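Visitor: Predicted structure and sequence below. I'll ask about it afterward.
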Amino acid sequence: MSEGKVGAGRLIVVTGPSGVGKGTILQKLLERYPDRILFSISATTRSPRAGEEHGREYFFWSRDEFEQKRDSGEFLEWAEYAGNLYGTPRQAIDQAIADGQVVLLEIELAGARQVAQSFPSAKRIFIAPPSMEILESRLRQRSTDSDEQITKRLHHAKLEIAAANEFDITIVNDDLEIAIQQLESAMFD
């Protein structure tokens, strides 16, 4: 694998607080590079929600199947959340990188820390808000969370932001187009 060269595959780990705009930035990049970028698909033991398909949103595996794969080292990272297991299967990522793809993995801080251990060549990028006030405003504008949930998200965001120095690059999402260009530059350098 010839990392760093044009056409070389690589893993890009993107982390940042809820509401910072990670999904928007990544979706715009996917639209610009549909043949060059691949989003990693996670596995979970939870049941599919309406409209979700195995292999599209998630790989839906039984707990036994997930634990067997976990125990044999087939995940880059994994965690348990709300009684369900979630993880990033390594095989599809390794294959995509070998094929020259840039694989994007949008993940929580704890998972990014695991990936740093299991896949040290991954480029790790932290997306930060311009300020906590702007992050709070963005969370409120989404109208998807209660005041209590927003307070929890903001508390968690402070912990995540404090860890930004663990990443290779921090991009402040103040201006969407500039943030997209900075991530694009980091991905293909």
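Guide: Arrived safely, thanks for sending.
Visitor: In this structure, where is pLDDT below threshold?
Guide: For the chain, applying pLDDT under 70 flags the ranges 1-7.
Visitor: What are the boundaries of the strands in it?
Guide: Secondary structure of the chain (DSSP state E): strands at 10-15, 37-39, 42-44, 58-60, 75-81, 84-89, 102-106, 123-128, 169-172.
Visitor: Including distance to Leu159, could those strands go into TSV?
Guide: For every residue, glycine as well, the C-beta is placed using N, CA and C. Output for the strands of the chain, formatted as TSV (distance: least, CB to CB, whole Å):
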stretch	distance to Leu159
strand 10-15	12
strand 37-39	25
strand 42-44	22
strand 58-60	26
strand 75-81	16
strand 84-89	19
strand 102-106	18
strand 123-128	13
strand 169-172	15
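Visitor: right, and those strands - which one's nearest Arg113?
Guide: strand 75-81 (8.2 Å; CB to CB).
Visitor: And for the closest one, what's in contact with it?
Guide: 43, 66, 69-70, 85-90, 93, 105, 107-108, 110-112, 114-115, 118-119 (CB atoms under 8 Å, 6 or more residues apart in numbering).
Visitor: For stretch 157-169, what is the distance to the chain centroid?
Guide: Distance of stretch 157-169 from its chain centroid, counting by CA atoms, centre = their mean, to the nearest Å, is 14 Å.
Visitor: next one: stretch 87-105
Guide: On CA atoms, centre = their mean, the centre of stretch 87-105 falls 13 Å from that of its chain.
Visitor: Could you pull out the buried residues of stretch 146-163?
Guide: Within stretch 146-163, the residues that count as buried by 16 or more other CB atoms under 10 Å are 150, 153-154, 157, 160-161.
Visitor: right, and the pair among the residues you listed with maximum separation?
Guide: Ile150 and Ile161 (15.9 Å).
Visitor: first to last residue in stretch 29-47, what's the distance?
Guide: Criterion CA to CA, to the nearest Å; first-to-last residue distance in stretch 29-47 is 29 Å.
Visitor: So which bits of it are buried?
Guide: 29, 37-38, 40-45.
Visitor: The longest helix along the chain: how far from the chain's middle?
Guide: Longest helix of the chain, by residue count under DSSP state H: helix 147-162. Here helix 147-162 is found 18 Å from its chain centre; the criterion is CA atoms, centre = their mean.
Visitor: Remind me what it packs against, helices and strands.
Guide: helix 132-142 (3 or more CB pairs under 8 Å, 6 or more residues apart in numbering; DSSP states H and E).
Visitor: so how far is the helix it packs on from its chain's centroid?
Guide: 20 Å.
Visitor: Likewise for stretch 52-61?
Guide: With CA atoms, centre = their mean, you get 17 Å for stretch 52-61.
Visitor: for stretch 182-189, same thing?
Guide: For stretch 182-189 - counting by CA atoms, centre = their mean - the centre lies 16 Å from the chain centre.
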